[in-house]
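1. Fold the following and give me the result.
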Amino acid sequence: MLNKLERNDLCWCGSHIKYKKCHADFDDKIEFYKMQGHAVPPRDIIKMPEQIVGIRESGKINIAILDYIAKFIRAGLTTEDINQLVYQKTIELGGVPAQLGYNGFPKSVCTSVNEQVCHGIPSENVVLRNGDIINVDVSTIYKGYFSDSSRMFSIGDIDEGKRKLVHVAKECIEYGLKQVKPWGFLGDMGQAVHEHAIKNGYSIVKDIGGHGIGLDFHEDPWVSFVSKKKTEMLMVPGMIFTIEPMVNMGTDEICLDKQNGWATYTKDGMPSAQWEVMVLVTDEGHEVLAY
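-> Residues are numbered from 1 along each chain as shown. The predicted model follows:
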């Protein structure tokens, strides 16, 4: 049972208000869904107002870094150049790159080009060329709070196939966001994302998903983008997670670079595209904290 407090006790959220006037009804509603057999969020992933303020500020830094990077993306740039730009701008803004050193990751940003699905490692040997598409995935720690978002960039003149892929991948985010509202389910969002990709002839990677974030880089819940309505975790105000479907032109099957243990590719060598946003569930709907 979530509701272990007496109604006249101070609320668990730290508001210094009596439980009955604070989170009692909230907890009762969560317990109702739990009794119906649904997965519900534990208290430790429900962010308090002061935490949301900090996470929002971290998100602003993340957005500013991607805005900055957008000015430099062009043919002839190496992915290591992008890494250096991200590191320098993050430090300048008072943040720390969350990816640098995370489980041994050697760089400050992920740069995934063409058939790379995610976790591409920046390199002096990877030079952006006319016709490439690239995902730049930035994650920031700012005053102890974490944020995460990514964008696609098209280099020069890309062919119509890649252009449509990048466009539909962004639309998938928009369709997913429409389903993010309190007392709905993550599966509502996942189905909307998946259906839009399938309708356009694409597949979505099943084995890698989004994640909770804010007080740590990766928190619960794990977020699928091939899920079904009314399944997966209940969404409640104060939850923060990423929406980041990896949309493939061909098969949804992927393979890992065994040499570096990070970079993930489409198994058939076809292009992949991904945008990522970080979203807060609010009392009325949602707020995008980073994009």
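
2. Give me the buried positions along the helix or strand containing Ile61.
-> Element membership for Ile61, per DSSP states H and E: helix 49-70. Applying a neighbour-count criterion of 16 or more other C-beta atoms under 10 Å, the buried positions in helix 49-70 are 51-52, 54-59, 61-66, 68-69. For glycine as for every other residue, the C-beta is placed from the backbone atoms N, C-alpha and C.

3. Identify, from those, the entry nearest to Thr251.
-> Of all the buried residues of helix 49-70, Thr251 sits closest to Leu66, with 29.0 Å by C-beta to C-beta.

4. In contact with that closest one, which residues are there?
-> By C-beta atoms under 8 Å, 6 or more residues apart in numbering, the contact set of Leu66 is Val136, Val138, Ser149, Ser150, Arg151, Tyr291.

5. Repeat the analysis, applying 6 Å as the threshold.
-> With C-beta atoms under 6 Å, 6 or more residues apart in numbering as the criterion, the residues that contact Leu66 are Val138, Arg151.

6. pLDDT score for it?
-> Leu66 is assigned a predicted lDDT (pLDDT) of 98.

7. just for the protein, where's the confidence low?
-> Within the chain, the segments meeting pLDDT under 70 span 1-3.

8. in the sheet, who's paired with the most centrally placed residue in it?
-> Centroid-nearest residue in the chain, with C-alpha atoms, centre = their mean: Thr242, separated by 2.7 Å. For Thr242, the beta-bridge partners are Met278 (DSSP bridges).

9. ditto for the one 5 residues further on
-> Going by DSSP bridges, Val247 is paired in beta bridges with Ile204, Ala273.

10. going forward, begin numbering at 42 instead of 1
-> That works, and once the first residue is 42, the last one we named lands at Val288.

11. Tyr243 is in contact with that one, correct?
-> Yes. Counting by C-beta atoms under 6 Å, Val288 touches Tyr243, with 5.1 Å between them.

12. got the CA positions of the helix or strand just after the helix holding Ile102 in CSV?
-> Per DSSP H and E, the first helix or strand lying C-terminal to helix 90-111 is helix 120-133. Provided in CSV are the C-alpha atoms of helix 120-133 (Å, rounded to 0.1, in the frame of the first residue of the first chain):
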residue,chain,number,x,y,z
THR,A,120,32.2,14.1,-34.9
GLU,A,121,35.1,14.8,-32.6
ASP,A,122,34.7,18.5,-33.4
ILE,A,123,31.1,18.2,-32.2
ASN,A,124,32.4,16.5,-29.0
GLN,A,125,34.8,19.4,-28.3
LEU,A,126,32.1,22.0,-28.9
VAL,A,127,29.6,20.2,-26.6
TYR,A,128,32.2,19.9,-23.8
GLN,A,129,33.3,23.5,-24.1
LYS,A,130,29.8,24.9,-24.2
THR,A,131,28.6,22.7,-21.3
ILE,A,132,31.5,23.8,-19.0
GLU,A,133,30.9,27.4,-20.1
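
13. and the angle for helix 120-133 with helix 90-111?
-> Calculated by axes from the mean of the first three to the mean of the last three C-alpha atoms, to 10 degrees, helix 120-133 forms an angle of 140 degrees with helix 90-111.

14. Listing partners with orientation, what would you give for the helix or strand following helix 120-133?
-> Heading C-terminal from helix 120-133, the first helix or strand you meet, by DSSP H and E, is strand 137-138. Strand pairing for strand 137-138, determined by DSSP bridges: strand 174-183 (antiparallel).

15. Can you tell me what sits against the strand it pairs with?
-> Outside strand 174-183, the residues that reach it (C-beta under 6 Å, 6+ apart) are 99, 102-103, 106-107, 110, 136-137, 139-140, 150-154, 188-189, 191-195, 203, 207, 315.

16. Contact partners for the residue lying closest to His327 once chain neighbours are set aside?
-> Ranked by C-beta to C-beta, 6 or more residues apart in numbering and with sequence neighbours excluded, the top spatial neighbour of His327 is Val221, at 4.1 Å. For Val221, the residues meeting the contact criterion (C-beta under 6 Å, 6+ apart) are Met230, Val320, His327.

17. Return the distance of Val221 relative to Met230.
-> Computed as C-beta to C-beta, to the nearest Å, the Val221 to Met230 distance reads 6 Å.

18. excluding its backbone neighbours, what's nearest Lys184?
-> Excluding its sequence neighbours, the residue lying closest to Lys184 (C-beta to C-beta, 6+ apart) is Gly95, at 6.0 Å.

19. From what I see, that neighbour and Tyr186 are in contact.
-> Yes. Using C-beta under 6 Å, Gly95 is in contact with Tyr186, at 4.1 Å.

20. Pull the contacting residues for Asp189.
-> Per C-beta under 6 Å, 6+ apart, neighbours of Asp189: Ser180, Ile254, Thr283, Met319.
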